[in-house]
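Participant: Below is the sequence, then the predicted model.
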Amino acid sequence: MKVVVVGGVAGGASAAARIRRLDEQAEIVMFERGADVSFSNCSLPYYIGGAVADREDLVMMTPESFKKRHNIDVRVKSEVVEICREKKCVRVRELASGRTYEESYDKLVLAPGANPVVSKRIGGVDRENVFTVRNVTDIGRLKDYVDEKDVHDVVVAGGGFVGIELAENFVRAGRKVSIIEGLDQIMAPFDTDMAQLLHKELMDNGVSLYLNSMVSAITDEGVTAVRDGREFQVPAEAVVLSIGVKPETELAVKAGLMLGESGSIRVDHNYRTNDPDIYAVGDAVETFDRLGRRYGVFAQAGPAQRQARAAADHICGLQHNNKGYIATSCLRVFGLNAACTGMNEKAAKRAGVPYEVAYVLPPDKVSIMPDSHYMAFKLLFEVPTGRILGAQAIGRGDAVRRIDVIAAMVTMGGTLEDLKELELCYSPVYGTAKDVVNHAALVGLNLLYGRVRQVRVDKVRELVENGAYIIDVREPGEYARGHLKNAVNIPLSQFRERMEEVPRDVPVYLHCRTSQRSYYALCELQGRGWRNVSNISGSFLGICLHEYFRDQSDGRDPIVTAYNFA
């Protein structure tokens, strides 16, 4: 059997290596248009900031090492320009010489990846100081330019994974960074209320953040952007376009292979295209969203490698249990760790899934530990089943571990009851006896079973501006350091003695720092017959985190007397 692989990064290289492990006799040829194969694509931004010191360290395998270790014929700087399905061959152009030749195959694996989007509507995108980042050559060219020109101001257009990682690493390299993002938030996998924490962290580290803004031109003076129909200028000596990627499907389209609704290559259960001898994996393919019950695209290295293994298995006669993807991802934003899995609110609404949210801000480890910090944790669950739909976590501690737990629960069809009883490792230096995820499950069950009512943190501004009756149960010193305007302070330590001050004839909203003490107060009130009380999820800390960036960037009147993130 002869297998030809087009594309030599995560998907292609993984497929080729797996086929070799399963079939020692197979002839395997892998073509890569670029100069490198099997490089660490996701590590590219960290070369800018120096975490990866040597450009060569980004390359995990060379053509020579592929040949010695796996007996795979790897040909770099070789572009497959055509698939001749009738003849079962591909036409290849050597980029150095321009020579074109044909290579036959029995099975063909396409792993062409995706190209950075470069909008032709942006004037000046062809200037020498405008860059995109896809491979080692790209990141090397960008770093060389910034270093040689001693660039001070950098604009990153786009607030997705690569854009944020590049921004952080440019700051670490001593550059002044501005991010221009077309949406009202960065990092679309996170809900807007969670993204505010990332916005604040960027601002606290000197990044200028322009949301709801589009780059319209790049000139000698810098970047021209548009917001609400008005132009403004942002200084820029170098510009990185990170406004999205487009699946590279031209080769597949020319060969008559079927595309899905998303515009990516349609594949079956085993990642086989509508041609039974051609497979496709990675960022260019459309796969199954198991929660949204539809086909979509999730461009990450982990899924690409699993797809590659599945395709290789099927080529070699093994079956694959395709469960689809649940969209698990993570990143670091300076001092914050952020991770998410499954559905966010946008996805749940789009899919028509009835859901509720448990939003908690517990400590990530025992509070007397010197490196204990709060963790913002948002858990989505289906109503009325309690099935876990997804979660988002942001904090200075181990957010990734918490989301990995939820990813496992989502994959196994877990519910709030399962999560409540989940037994996890505990030590004061790693977590709390009731871990963040257990805590969220308990809050979720209180909501699911109607034991308490809550008001989401994004509704608090409306309550304050409409003069709602809000009780702050923190202690007087905490209240004095910053509180919601017009909130009444009845400390939890005095609450039973002053309970009759709480009205029964109007809605009452309680909060503390993170919603725990206000929950205790709410239970006391409900135990004495009050039925008009609701807890504010996230409480004062959540309100500060949610409102701070918007107040600073939009010039709104604050709803707090002073922000307090302690």
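Facilitator: Perfect, thanks for sending it.

Participant: For residue 497, grab the count of nearby residues.
Facilitator: 9 (other C-beta atoms under 10 Å). For the C-beta atoms, the positions are set from N, CA and C on the backbone; glycine is no exception.

Participant: ok, now residue 148?
Facilitator: 8.

Participant: Check residue 243 too.
Facilitator: Neighbours of residue 243 (other C-beta under 10 Å): 22.

Participant: can you check residue 51 too?
Facilitator: The number of residues near residue 51, taken as other C-beta under 10 Å, comes to 12.

Participant: ok, the residue lying closest to it once chain neighbours are set aside - contacts?
Facilitator: Nearest residue to residue 51 in three dimensions, chain neighbours excluded: residue 169, at 7.4 Å (C-beta to C-beta, 6 or more residues apart in numbering). Residue 169 makes contacts with 45, 46, 47, 48, 49, 50, 51, as judged by C-beta atoms under 8 Å, 6 or more residues apart in numbering.

Participant: Pretty sure the fifth one sits against residue 172.
Facilitator: Yes. With contact taken as C-beta atoms under 8 Å, residue 49 and residue 172 are classed as touching, separated by 3.8 Å.

Participant: what pLDDT does the residue nearest to residue 51 get?
Facilitator: Looking at residue 169, its pLDDT stands at 97.

Participant: tell me which element it is part of?
Facilitator: In this structure, residue 169 is located in helix 161-172 according to DSSP states H and E.

Participant: Can you mark which positions in that helix are buried?
Facilitator: Judged by neighbour count using 16 or more other C-beta atoms under 10 Å, the buried positions of helix 161-172 are 161, 162, 163, 164, 165, 166, 167, 168, 169, 170, 171.

Participant: How about the third one, nearest residue that isn't a chain neighbour?
Facilitator: The spatial neighbour of residue 163 that comes closest, neighbours along the chain excluded (C-beta to C-beta, 6+ apart), is residue 242 at 3.7 Å.

Participant: Also the last one?
Facilitator: In space, not counting the residues next to it along the chain, residue 171 is nearest to residue 177; the distance is 5.4 Å by C-beta to C-beta, 6+ apart.

Participant: Could you do residue 4 as well?
Facilitator: Residue 4's closest residue in space is residue 105 (C-beta to C-beta, 6+ apart), at 3.9 Å.

Participant: can you pull the contacts of that neighbour?
Facilitator: Residue 105 touches 2, 3, 4, 29, 88, 89, 90, 277, counting by C-beta under 8 Å, 6+ apart.

Participant: Who wins on neighbours among those?
Facilitator: residue 4 (26 neighbours).

Participant: And the pLDDT for that one?
Facilitator: 98.

Participant: and what of residue 532?
Facilitator: For residue 532, the predicted pLDDT is 96.

Participant: Quick one: which of the contacts of residue 169 is the most crowded by neighbours?
Facilitator: Neighbour-wise, the contacts of residue 169 (other C-beta under 10 Å) top out at residue 48, 26 neighbours.

Participant: re the thing from before, roughly how far apart are the residue nearest to residue 4 and residue 333?
Facilitator: Applying C-beta to C-beta, to the nearest Å, the value for residue 105 to residue 333 is 44 Å.

Participant: Same check on residue 50?
Facilitator: 17 Å.

Participant: same thing with residue 411?
Facilitator: 26 Å.

Participant: who's more crowded, those two?
Facilitator: Set residue 411 next to residue 333 and count neighbours by other C-beta under 10 Å: residue 333 wins out with 22 against 14.

Participant: which ones are touching the more buried one?
Facilitator: Contact analysis of residue 333 by C-beta under 8 Å, 6+ apart lists 164, 168, 198, 201, 202.

Participant: is it true that the last one lies in a helix?
Facilitator: Yes. When classified by DSSP: H, G, I helix; E, B strand; the rest coil, residue 202 is found to be part of a helix.
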